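Enquirer: give me the fold of what follows.
(chains A, B and C)
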Amino acid sequence: MRHPVLTMEGISKEFPGVKALSDVNFELYPGEVHALMGENGAGKSTLMKVLSGVYSATQGKIKLKGKEVTFGNPLDAQRQGVSIIHQEFNLFSNLSAAENIFIDRPEMTSRFGRIQWSKMFDEAQRLVDSIGGGEIDVRKEVRHLGVHSQQVIEIAKALSFQADVLIMDEPSAALPENEVKKMFEVVNRLRAQGVAIVYVSHRMKEIFEIADKVTVLRDGTKIDTRSIDEVTEQSLIQMMVGKEVNQLYPVRKQEHGEKVVLQVNQLSLDSTHRISFELRRGEILGLFGVPGSGSHTIAERLFGLKRGTGEIIINGTSVRINSPNEAKAKRIAYVPPDRHRQGIIKPMSIRQNLSLPILPELSKGIVMDRARIEQMSGEYMEKLRIKAPSDQQSVDFLSGGNQQKVVIGKWLAAKPEILILEEPTRGVDVGAKAEIYNIIHQLAEEGLSILLISSEMPEVIGLSDRILVLYKGEVVHEFAHGEADQEQLLQRASHPRLEGGTV
Amino acid sequence: MKRLLNVHEAPIIVFTILVIVLFSIISPDFFQFDNIRLILDQNISMFIVAIGMTMVILLGGMDLSVGSVLAVTATSVGLFLSHGIHPWIAAFMGIVIGVLCGMVNGYFIAVRKIPDIIVTLATMYIFRGIAVGISGGTWMTNFPDGFRYFGQGTLLGLSFPLLTAILLIGIFIYLLKFTRMGRRIYAIGGNGSAAKLAGISVAKSKFMVYVLTGLLVGVASVIFASKVGSVQASTAGNSLSFEVMAAVLIGGGSIFGGIGTVAGTMLGVLFMGIIKNGLIISKVSPFWVDATTGFLIILAIVINTLQRIRQNKGKEGDLV
Amino acid sequence: MSAWTSQFSLKSNKLVVQLVLLIFILVLFSILSPYFLSVTNFMNVLNQMVEVGLIAIPMTMIIISGAMDLSVGSILAFSAVCMGVAFERGINIWVSMGIGLLAGVLCGAVNGYLIARHRMQAIVVTIGMLVMLRGLVYVINEGRPISGFPDSFYFLGQQYIGGVPFNAIFLVVMFLIASFVMKKTRFSTYVYGIGNNEEVVHYSGISVVRIRFILFMLSGLFSALAGVFLMSRLASAEATSGTNIELDVITATLIGGTHIFGGRGSLAGTFVGLLIIVFLRNGLNLLGVSVLYQAVILGALLLLAVGNKKFNGV
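Expert: Residues are numbered from 1 along each chain as shown, chains lettered A, B, ... in the order given. Got it, this is the predicted structure:
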C-alpha cells in the first residue's frame, strides 16, 4: 500500500463573516494528477492557498510525508516541497529564465559568494529539459518567452525546490490550444517522476485527459474524491452543481421587445477572433464562458476600454466607441467585475460615488448643484435599497452587497440604454444577491437591455433570456430561455467540440 | 552583427558614435587625444556617482540628494584638511561621512517607508545647508600638496582618479553581475512582490543601495575637491543629481526599475560629457549646456516610455 | 457651509496639529525677537509669501491628484524672463505680462502633454523641465537681470491698500476662489477621485487625461503669475528667480495635511502650512539664521510632515 505524500485533515478556514472551508479532508499520492473541481466560490482557491502557505487554516492539520507541517509563507511551503503555480505567473521579466528558477539561491554561488552562472545555466537547462522544455534557451530573458515557456519556467522553479507537491491553478487558461498539449506532456513527465500534482481547472475535457483522480468541492465542503474511471462528465457536473436553486430568481412576467438595440458585427477581440451578436430592447443576454473565453474582452471593447476593429450598431446607427467617455455618451453603462479597483472610490461618500458619472448633468455651469445631487442620490439609495445611515457615509464602510448596489446605482443614474453587468454579485452575500437579481429583472422589465457576463452559472441561467456560450473567442452555442441547465451549460463551455445537442 | 544590435547598450553606443562624428566635423579640436582625456578627466566624479545612481534606479528608486551629499563630504574634507589632518585620513573620514548621509537616506526610505522622492528632496536641502553651515559660507581652498594626489596624481603612469574610477566600475559591475546582493537589486526592481515571495528582504537591499551610493559619492567628492582645488559648498554638485539620473536613463536604465547596467550608464555619462564638451568646443554659448541637459533628461524619459510601450505590445491580445 | 464640508471627509482635515505648530512658531519668535511681533513685520511677511502661496494652489491640487510638479521654480523664472525680454523689446508692459503668462501656460502644457497624454513619470518629466527651462532662462537673458519697468507695474507687488499689501489680498482672493473650486465644482470631485482611484474615474467615463492636463496647465499659469508678482516686488527679473521654491511649496502643501500619495488634502490646510513656513523663515531671518540653514529646517520639517501621521489629519 502506498503512502500519501500529503494529507490535509479537517481543514476549516473562516474569514470575518464567511466560512470559506469547513472540515475538508484531502489526500494526495505521489505520481498522481489530482483534479480539484468546483464552481466559483466553492472553496478551491482557498484550499490551495491554505496548502501553499498563503493562508493559515483556522482548524485542521497538514501532513507532508507523514509529518505534520505548518507553512509560514509561500516560500516556506516551497522549501518544504509544496509549490504553487498561479494563473498569473510570479516571474521577473527582466531576468533570464535560469535566474528566475534560481533567484537568490545560495547553492548557486561559490565558496566566495560568486554566482556561478555556467552552473546555473546548466542546472536550469537540465531542469527545463527534464520536463520537455528543450527548445527553451534558459539564458534568454523571460519577457522574450511565450506563455507556455513561462509556465515551464515556473514549473522548473518548483522542481528546483525538490517539489513533492505541485499545485497548478487553471494552467490552461492563458495557453493557446496547441500549447495545452505541450503542457500535458510536461505534466505527464512530472507524474512519471513521482511528483504529486493538484490540477485546478474548469475544463472538463482536460480533466478526463490528464487526471487520475478528482475531488469536488461545493460551498466550502468536500463532496467526494473519486477515481477518474468512476465518473462521467455528467456525474461530475451533478456533484459540482448540487440541486438547483431557483427561488433566488424572479419569474419573468413579460416578453422582451423585438427591437434590436445593439448589434455587434465582427467585433475584434484579439488579432484572430471576431464576434457578432445582437441585443434586443429589454432583453437580458447572458454571456458565459470559462476563463480565457473572451467575455471580458467583449465588455472592454463595447465600453471603449480597448480598441480594435469591427462594427457596433446602436439603434440602427453605426457608432465609434474609443473611450468610456464616448460609451457613456452612447448610453452604454458598464458595471465592472472588480468593484474595488474599478467600481467605487472607497474613501468617498455614497453620494459622490453615485453622482460621479453624471456630474455634468447635475451641475449649474461648473458648480455642482447640491440639491439635485442630494435628490438623485436619495432616489437611487431608495430604489436600490442601499442600506446606510446616510448618503454622506464613505462607501468603504458598506457591505459588499451595498457597495455593489452603489456601482449599479451610479450607472442607472446615467439612464443608460444598454447595461453591461460583469460579475454583478461577486463577493456579495446571498440576501443581497437576491436583491440585485430583483433589480436586474426589474430593469429589464422597464426596457433596459442588459448584457450579463458572469462565471456563476445559476445566475446566468436564472436571469438570462438567452445565453451565448463562449469558448476562446467564439460563440459555440446559444441557449434560448429555459433551455439551459447548469450541466448543459458547463458541458458546452468546457467541452465545446461536442457533437449532437444533448448530453 | 544582429547579435551586436541586440546588446542592451546598442542605442547609446550608436548615439555616442554619432555625436562624436558630428562634433569632429564641426570642430577639428574635438577628436584629439588631449580633448578625449579632458572629457574623461572632467567627468570622473560623475562616473563614480552614476554607479550608485544606477543601483538606485535599478531598484525603481530615485536619489535627488547626491549633489548635496557631494557638497557635504567635499566641504568636510576641506575642513579636516584645514585642521591639519593627514590627507589620507581626511579623505577616509570624508568617505565615512558620505556613508552616513547614505544611511540617513536609507533609514527614511527603507525603514520608515517614506517615498524616496520626498526623502531625497528633503535631504538635498538639508545636506546642502549643512555643507554651507560648516564651511561658514566661504570658499574652501589652499589644500595641502599631499591632497592633490587624489585628483591629479598618477599611479604607474596613469591618472590616479581615472584608475580609481575604473577600479570602482569593475567592482560594481562584478557586484551587480556575480553576487546575490546585486541580483537581488535586479529582482526587486523587476518584480517587487515576486522578490518578496522568493524571500528577498526588500528593505535591507534598499538600505544597502543607498549606503553604497553614499560611499561612492564620498569617493567622488574627494576626487572632486582635490581636482578642482577648492570647494564652494553652496554650488558644488548643484545639478549633479539630475545629470546623473539622465545619464542612467540615457544609458538604457528604466525608470521603473529592473533594467540597466553599469556599463550602459558609463556610456550615458560619456555621452553627456561629450555633448557638453562638444558644445563648448563648438563655441556654443555655455548657457545652452544646462538647457541641453534638461532636454536630454526629457529625451531619456521619452525613450524609456517608448521602450515600455514596445515591450507591452505583445501582451495586449490576450483573451480574458 | 459646514454641512457641505462635512460631506467631503477627504477635505475637512482637522488642522489641529498645524494650528498648534503655527501658534508655537508665532509665540516662540515673539519671545526670541523683539521685531517679530509688529504690524509692519507681519505685513512684510504677507508681502513676501505671495509667490510661494500662488504656486502652492495648483501644487496642492496636483499632489491631491497623486502627482507632483518640480518644475515650478524654473517656469517662474522662464516666464519672468520672457516677460522682461518682451518688455525690453518695447512691448507694452501689460502685453508683456500676457506673454509671460502664456509662456508659463505653454510650459505647463508641455508637462501635461508628456505626463497626462503619454503617461510618463511626472517626477522625471518635471525634473527635466526644471533643468531645461533654467538653462533656457540663461540662454534668453544671458544671466543679467532685467529691470526698469514702469511704475504702474510695481503696483502688483509693492502697493499697500489700507495697510495691507495688494499682492497678499490677491493671494487670499485666489485661495478663496481655488478653495471654492476644490469644494463646489465637479472638477474637485474628479481631482480627489483621480488621487484616490484613477481607474474608477476612467471607468466612470471621465477623461483622466484632460483633468491631469488642466492641472499641469494651471501649475504653469500660477508659476508664471508668481513670476510676475516676484518681478513687480523686487523690480527686476533674474535668472536665479524661484530657485528652490519647490521646497517651500511642497513643504507647505504637505505640512498642510495633503497626502503625499494623493487623494486627501485641502487648500485651507495648505494655507496654514504656508503661514507656518513664511513665519518660520521670517523669524529665522530676524534671528540672523542663514538662508541655507533655513533650508535644513524646512527639509527636516518636510520629512517630519510626511513621516508623521498626525499631519495627515488621520
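Enquirer: residue C:269 against residue C:254, yeah?
Expert: No: with contacts counted by Cβ atoms under 8 Å, residue C:269 stays clear of residue C:254, the gap being 9.5 Å. The C-beta positions use only the backbone N, C-alpha and C, and glycine is treated the same way.
Enquirer: now the residue in chain B that chain C sits nearest to: closest residue in space, sequence neighbours ignored.
Expert: Of chain B, the residue with the smallest distance to chain C, taken as Cβ to the nearest Cβ, is residue B:294 at 2.4 Å. Among residues not flanking residue B:294 along the chain, residue C:132 sits closest, at 2.4 Å (Cβ to Cβ, 6 or more residues apart in numbering or on different chains).
Enquirer: got a list of what that neighbour touches?
Expert: Neighbour list for residue C:132: B:290, B:291, B:293, B:294, B:295, B:297, B:298, C:74 [criterion: Cβ atoms under 8 Å, 6 or more residues apart in numbering or on different chains].
Enquirer: among those, which are in helices?
Expert: Mapping those onto helices (DSSP state H) picks out B:290, B:291, B:293, B:294, B:295, B:297, B:298, C:74.
Enquirer: surely the first one touches residue B:243?
Expert: The reference is to residue B:290. No: using Cβ under 8 Å, residue B:290 is not in contact with residue B:243, being 9.5 Å away.
Enquirer: higher neighbour count, these two?
Expert: residue B:243 (29 against 22; other Cβ atoms under 10 Å in any protein chain shown).
Enquirer: name the residues that touch whatever helix or strand that one lives in?
Expert: In this assignment (DSSP states H and E), residue B:243 forms part of helix B:240-250. For helix B:240-250, the surrounding residues in contact (Cβ under 8 Å, 6+ apart) are B:12, B:15, B:45-46, B:49-50, B:53-54, B:57, B:62-67, B:70, B:120, B:124, B:255, B:260, B:265, B:268-269, B:271-272, B:293-294, B:296-297, B:299-301, B:303-304, C:124, C:127-128, C:130-131.
Enquirer: how about the nearest residue to the most centrally placed residue in chain A, chain neighbours excluded?
Expert: In chain A, the residue lying closest to the centroid (Cα atoms, centre = their mean) is residue A:291, at 6.0 Å. Residue nearest to residue A:291 in three dimensions, not counting chain neighbours: residue A:173, with 4.1 Å by Cβ to Cβ, 6+ apart.
Enquirer: and the one you found, what does it touch?
Expert: Contacts for residue A:173 (Cβ under 8 Å, 6+ apart) come out as A:87, A:290, A:291, A:292.
Enquirer: what kind of secondary structure is it in?
Expert: Classification of residue A:173 by DSSP: H, G, I helix; E, B strand; the rest coil places it in coil.
Enquirer: just residue A:420 next, same as before
Expert: strand.
Enquirer: what's across from it in the sheet?
Expert: residue A:334, residue A:451 (DSSP bridges).
Enquirer: give the contact list for it.
Expert: A:299, A:302, A:303, A:332, A:333, A:334, A:335, A:450, A:451, A:453.
Enquirer: wouldn't the fifth one be in contact with residue A:413 here?
Expert: Which is residue A:333. No: counting by Cβ under 8 Å, residue A:333 does not reach residue A:413; the two are 9.4 Å apart.
Enquirer: what sits in contact with each of those two?
Expert: residue A:357.
Enquirer: element containing the residue most central in space within chain C?
Expert: Nearest residue to the geometric centre of chain C (Cα atoms, centre = their mean): residue C:55, 1.9 Å. Using DSSP H and E, residue C:55 sits in helix C:50-64.
Enquirer: for that helix, name the packing helices and strands.
Expert: helix C:72-88, helix C:166-184, helix C:186-203, helix C:208-234, helix C:245-255, helix C:267-286 (3 or more Cβ pairs under 8 Å, 6 or more residues apart in numbering or on different chains; DSSP states H and E).
Enquirer: so where's the chain uncertain?
Expert: Just going to use chain A. A:1, A:17, A:177, A:243-248, A:253-254, A:495-503 (pLDDT under 70).
Enquirer: nope, chain C
Expert: Checking chain C against pLDDT under 70 turns up C:1-13, C:309-314.
Enquirer: any idea which residue of it lies closest to chain B?
Expert: residue C:132 (2.4 Å).
Enquirer: secondary structure element for that residue?
Expert: helix C:122-141.
Enquirer: equivalent analysis for residue A:468, please.
Expert: strand A:466-471.
Enquirer: next, count neighbours for the closest residue to chain C within the stretch 251-400 of chain A.
Expert: Distances between the stretch 251-400 of chain A and chain C by Cβ to the nearest Cβ are smallest at residue A:328, namely 3.3 Å. Around residue A:328 there are 22 other residues, counting by other Cβ under 10 Å.
Enquirer: next one: the one 10 residues further on
Expert: Residues near residue A:338, counting by other Cβ under 10 Å, number 13.
Enquirer: cool, residue A:45 as well?
Expert: Residue A:45 - counted by other Cβ under 10 Å - has 20 other residues nearby.
Enquirer: residues in contact with the closest residue to it other than its chain neighbours?
Expert: Using Cβ to Cβ, 6+ apart and skipping the chain neighbours, the partner closest in space to residue A:45 is residue A:169 (7.1 Å). Going by Cβ under 8 Å, 6+ apart, residue A:169 touches A:45, A:48, A:84, A:85, A:86, A:87, A:200.
Enquirer: repeat that with 7 Å
Expert: A:48, A:84, A:85, A:86, A:87, A:200 (Cβ atoms under 7 Å, 6 or more residues apart in numbering or on different chains).
Enquirer: grab the nearest non-local neighbour of residue B:141.
Expert: residue B:230 (3.9 Å).
Enquirer: distance of the one you found from residue B:160?
Expert: 19 Å (Cβ to Cβ, to the nearest Å).
Enquirer: more neighbours: which of these two?
Expert: Neighbour comparison, residue B:230 and residue B:160: the larger count goes to residue B:160, with 18 against 13 (by other Cβ under 10 Å).
Enquirer: isn't that one up against residue B:154?
Expert: Yes: with contacts counted by Cβ atoms under 7 Å, residue B:160 reaches residue B:154, the gap being 6.0 Å.
Enquirer: related to what we said a few turns ago, can you select the buried ones among the contacts of residue A:173 for me in PyMOL?
Expert: The PyMOL selection below is limited to those of the contacts of residue A:173 classed as buried (16 or more other Cβ atoms under 10 Å in any protein chain shown):
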select buried, chain A and resi 290+291+292
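Enquirer: any idea whether residue 22 is helix, strand or coil?
Expert: Picking chain A for this. Residue A:22 ends up strand, using three-state DSSP.
Enquirer: my question was about chain B, not that one.
Expert: helix.
Enquirer: run through the residues that contact it.
Expert: No residues are in contact with residue B:22 under the rule Cβ under 7 Å, 6+ apart.
Enquirer: so what's the residue count around residue A:287?
Expert: 25.
Enquirer: how about it, phi and psi?
Expert: phi -120, psi 120 (degrees, to the nearest 10).
Enquirer: shouldn't the residue nearest to the centre of chain A be within a strand?
Expert: No: applying three-state DSSP, one finds residue A:291 to be coil, outside a strand.
Enquirer: surely it meets residue A:170?
Expert: Yes: counting by Cβ under 7 Å, residue A:291 touches residue A:170, with 5.8 Å between them.
Enquirer: so what's residue A:199 closest to, chain neighbours aside?
Expert: The nearest residue in space to residue A:199 (Cβ to Cβ, 6+ apart) is residue A:35, at 4.8 Å.
Enquirer: equivalent analysis for residue A:318, please.
Expert: residue A:311 (5.7 Å).
Enquirer: which residues touch that neighbour?
Expert: With the criterion set at Cβ under 7 Å, 6+ apart, residue A:311 makes contact with A:265, A:266, A:318.
Enquirer: and if you look at residue C:272?
Expert: Counting by Cβ under 7 Å, 6+ apart, the residues that residue C:272 touches are C:15, C:18, C:19, C:22, C:256.
Enquirer: any chance of the residues you listed in CSV, plus neighbour count and distance to residue C:190?
Expert: Shown next, in CSV, are the contacts of residue C:272 (neighbours: other Cβ atoms under 10 Å in any protein chain shown; distance: Cβ to Cβ, whole Å):
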residue, neighbour count, distance to residue C:190
C:15, 20, 24
C:18, 25, 26
C:19, 13, 29
C:22, 19, 31
C:256, 29, 21
